[in-house]
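# Build the 3D model from these lines:
(2 chains)
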Amino acid sequence: KQEVTQIPAALSVPEGENLVLNCSFTDSAIYNLQWFRQDPGKGLTSLLLIQSSQREQTSGRLNASLDKSSGRSTLYIAASQPGDSATYLCATTNTGNQFYFGTGTSLTVIP
Amino acid sequence: GAVVSQHPSRVICKSGTSVKIECRSLDFQATTMFWYRQFPKQSLMLMATSNEGSKATYEQGVEKDKFLINHASLTLSTLTVTSAHPEDSSFYICSAHLPGSGNTIYFGEGSWLTVV
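Numbers count the residues shown, from 1 in each chain, chains lettered A, B, ... in the order given. Purely as a prediction, here's the structure:
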């Protein structure tokens, strides 16, 4: 069964810093990998989706990379802002469209 | 706008009662929906796969008789937590696969259940 791990569990940075969130997974036979944002008391917001054949995806200040062979993905956030404070989840999907989520990284950006 | 709607977004119920959570696909028909739950400081875990017109497939460790899933139509799946206990308090979220899209999946907004 797929196991997804995220490091660090929590991260606190001053505003303006660039940061990297890490995600690793045990089964490289994924269909795609997705990064989500979860605000307290709210649902999930999809940030970036990387297909298994892709190496990276970019959206604004966010860049996600995927190295399927090594079972790793990173989410790079440039010029962090207080509004970026949230929990970030990565998840892999298999061909059955089931998601396997990581434990999340709780990010706090200090003004 | 939201293509998968979940209701209620928050619910508080008394211990021993049952509560139903609805997941609707708004602009498409979803033959398959998924239910997840998330306990505090833990990751989202798949509970079951809901198949329209047939019985749901439950993940290991999820009690079928406690978490009743009904997928009676192509746009609606419901999760009923029966005889709820405080330890059932959790974040429940559904997702639906958009047919013909390859692997586009939409998530509902999630439902926060508190059992008192």
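# hey, let's count contacts and neighbours off CA atoms from now on
Fine.
# and the lowest-mean-pLDDT helix or strand in chain B with chain A, contact?
Ranking every helix and strand in chain B by mean pLDDT, DSSP states H and E puts strand B:105-107 at the bottom, with a mean of 82. Yes: Strand B:105-107 lies within reach of chain A by C-alpha under 8 Å from any C-alpha of the partner chain, at B:Ile105, B:Phe107.
# who does the helix or strand that that strand is followed by pair up with?
Downstream of strand B:105-107, the next assigned helix or strand under DSSP states H and E is strand B:111-115. Strand B:111-115 has the following strand partners under DSSP bridges: strand B:10-13 (parallel), strand B:90-97 (antiparallel).
# Please name every helix or strand in contact with the helix or strand following the first one.
Once the chain leaves strand B:10-13, the next helix or strand it forms, by DSSP H and E, is strand B:19-25. The helices and strands touching strand B:19-25, judged by 3 or more C-alpha pairs under 8 Å, 6 or more residues apart in numbering or on different chains; DSSP states H and E, are strand B:4-7, strand B:76-81.
# Next secondary structure element downstream of strand B:19-25?
Immediately after strand B:19-25, counting by DSSP H and E, sits strand B:32-38.
# Could I get the average pLDDT for that following strand?
Per-residue pLDDT values across strand B:32-38 average out to 91.
# same check, this time on stretch A:64-81
For stretch A:64-81, mean pLDDT is 97.
# how far is stretch A:38-57 from where the chain is centred?
When distances are taken as C-alpha atoms, centre = their mean, to the nearest Å, stretch A:38-57 is centred 6 Å away from the chain's centroid.
# before we move on, back to that, comparing the strands paired with strand B:111-115, which stretch has the densest surroundings?
With neighbours taken as mean count of other C-alpha atoms under 10 Å in any protein chain shown, those reach their highest mean count in strand B:90-97, at a mean of 26.
# Figure out how far that strand is from the centre of its chain.
5 Å.
# who does the least confident helix or strand of chain B touch, helix- and strand-wise?
Checking 3+ C-alpha pairs under 8 Å, 6+ apart, strand B:105-107 ends up next to strand B:90-97.
# So which residues make contact with the strand it packs on?
A:43, A:97, B:4, B:6, B:23, B:25, B:30-40, B:103-114 (C-alpha atoms under 8 Å, 6 or more residues apart in numbering or on different chains).
# So what are the sheet partners of the least confident helix or strand of chain B and their directions?
Counting by DSSP bridges, strand B:105-107 is paired with strand B:90-97 (antiparallel).
# what about B:Thr31, how many neighbours?
Number of residues near B:Thr31 (other C-alpha atoms under 10 Å in any protein chain shown) recorded here: 19.
# Sorry, slip of the keys, the one I care about is B:Leu44.
Count around B:Leu44 with other C-alpha under 10 Å applied: 23.
# you'd agree A:Asn18 is up against A:Gln81?
No: using C-alpha atoms under 8 Å, A:Asn18 is not in contact with A:Gln81, being 9.8 Å away.
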